[in-house]
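> Starting from these lines, generate the structure:
(chains A and B)
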Amino acid sequence: KAGVTQTPRYLIKTRGQQVTLSCSPISGHRSVSWYQQTPGQGLQFLFEYFSETQRNKGNFPGRFSGRQFSNSRSEMNVSTLELGDSALYLCASSTGTMNTEAFFGQGTRLTVV
Amino acid sequence: GENVEQHPSTLSVQEGDSAVIKCTYSDSASNYFPWYKQELGKRPQLIIDIRSNVGEKKDQRIAVTLNKTAKHFSLHITETQPEDSAVYFCAASRWNTDKLIFGTGTRLQVFP
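Next up is the predicted model:
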């Protein structure tokens, strides 16, 4: 069974640009969550999606947005990139039955220059 | 607000010794408490979890305890080995969501 796949693995963008990250969950998983990981802030929750609906949103500015498709794949978008957006972005998938194991992808390393 | 505090931030032990990492959560509605291990350059992976209706859970050398009254939960690793060296994260979640609130992480180093 394939794991959680995130693309691309690495991205370098310029301040002011926008970026789209993709996450393909484990087959059969309907819940996808996104996290930002930085050395200073640790793992911060961004969004949670279930059956194409955003179920929860973290404390990030409106420049961060996301969506989920009918096949459970998810994308997140960051507009007007800032230097502080440089981070490892991780997505995690789970079955959608509450409080079950979340399986993480390898992450997308975003560098904003 | 929702917050999880984790201590210590770094922990160094000799191989064979025990290691204990402690977390405190603020949201009294939390009822699911997983622990993740993240090796350098790799994804976080679940090592053990506990739900609020259980006070203790053990899996070989790893155990987790939960004190709901005090809002504390702890990870215990016995007979540590060099391959246990990693960053460990505790997390808390409510029953009706998969949203995880993570602690700040503990870097565990096990010296041979």
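> Can you pull out the residues in contact with stretch B:70-80?
For stretch B:70-80, contacts defined as Cβ atoms under 8 Å, 6 or more residues apart in numbering or on different chains pick out B:13-26, B:28, B:30, B:33, B:35, B:48, B:50, B:61-67, B:84, B:88, B:90, B:108, B:110. C-betas here are computed from N, CA, C, even on glycine.
> what about burial for these, which qualify?
Among those, those classed as buried by 16 or more other Cβ atoms under 10 Å in any protein chain shown are B:13, B:19-25, B:30, B:33, B:35, B:48, B:50, B:62-66, B:84, B:88, B:90, B:108, B:110.
> Go back to those and keep what's next to chain A.
Among the buried ones among the contacts of stretch B:70-80, proximity to chain A is found for none (Cβ under 8 Å from any Cβ of the partner chain).
> Sort out for me which of those are in strands.
Counting by DSSP state E, the buried ones among the contacts of stretch B:70-80 place B:13, B:19-25, B:30, B:33, B:35, B:48, B:50, B:62-66, B:88, B:90, B:108, B:110 in strands.
> wait, is A:Thr97 part of a strand?
No: A:Thr97 is assigned coil when assessed by DSSP: H, G, I helix; E, B strand; the rest coil, not a strand.
> Next one: it, what pLDDT does it get?
Confidence at A:Thr97, expressed as pLDDT, is 80.
> do you know how far it is from A:Glu52?
The gap separating A:Thr97 from A:Glu52 is 17 Å, by Cβ to Cβ, to the nearest Å.
> So which of those two has more stuff around it?
A count of neighbours by other Cβ atoms under 10 Å in any protein chain shown puts A:Glu52 above the other of A:Thr97 and A:Glu52, at 13 against 9.
> Please list all residues in contact with that one.
By Cβ under 8 Å, 6+ apart, the contact set of A:Glu52 is A:Arg67, A:Gln68, A:Phe69, A:Ser70.
> cutoff 10 Å now
Residues in contact with A:Glu52, defined by Cβ atoms under 10 Å, 6 or more residues apart in numbering or on different chains, are A:Arg30, A:Arg67, A:Gln68, A:Phe69, A:Ser70, A:Asn71, A:Ser72, A:Ser74.
> Ignoring the adjacent residues along the chain, who's closest to the fifth one?
For A:Ser70, the nearest residue in space outside its immediate sequence neighbours is A:Glu52; the separation is 6.2 Å by Cβ to Cβ, 6 or more residues apart in numbering or on different chains.
> swap in the third one?
Excluding the flanking residues, the one nearest A:Gln68 by Cβ to Cβ, 6+ apart is A:Tyr49, at 3.7 Å.
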